[in-house]
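Need the 3D shape of this:
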Amino acid sequence: MYHSFKHVNPKGWSKHDTLSFEIGLKETAYRYNIRAQIRNLSSYAYQDLYLCIKSNIPDSTIWQTDTIKFQLINKEGEIIGKGWGDLYELSVPYRENILVKPGKYTIKISHEMKDNYLKGINDVGIKVE
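You can find the predicted model right below:
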């Protein structure tokens, strides 16, 4: 139904840089699954990535805030996502089996890491199925 990535500044993803996804859903009475996606470089310095996600799904007037965790590197130091070259992609569930009315919705994503400029994240995406 919807799939989009936003590119992150190669110099680093600022704590104050919120990525916004505008989603228009026309179908009625469907249940949707929403996934958050990350494309990271092999040079990413941490094992995990925490994201703050604000959305007005399933109700366009009420905003919900969630924190989700991506484990990008396992305990053995291996990158978990599927990749090519030094770029890897990983997808995790954000909201599952939700009933949504037709309308326009927004998802806003920022990182919750301690770095003011987080390096090694290439793209952030949202997929609605």
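
nearest residue to K11 other than its sequence neighbours?
Y117 (6.8 Å; C-beta to C-beta, 6 or more residues apart in numbering). Where C-beta positions appear, they are placed from N, C-alpha and C, glycine not excepted.

List the contacts of stretch 56-70.
In this structure, residues lying in contact with stretch 56-70 by C-beta atoms under 8 Å, 6 or more residues apart in numbering are 23, 32, 34, 36, 38, 48-55, 90, 92, 94-95, 98-101, 103-107, 112.

So for that stretch, mean pLDDT?
Mean pLDDT, stretch 56-70: 88.

so where do the strands sit in the protein?
2-7, 13-14, 19-25, 30-41, 48-55, 64-71, 82-84, 87-100, 103-111, 117-118, 121-128 (DSSP state E).

same for the first one, what does it pack against?
Translated: strand 2-7. strand 19-25, strand 121-128 (3 or more C-beta pairs under 8 Å, 6 or more residues apart in numbering; DSSP states H and E).

Report the rounded mean pLDDT for it.
The average pLDDT for strand 2-7 rounds to 96.
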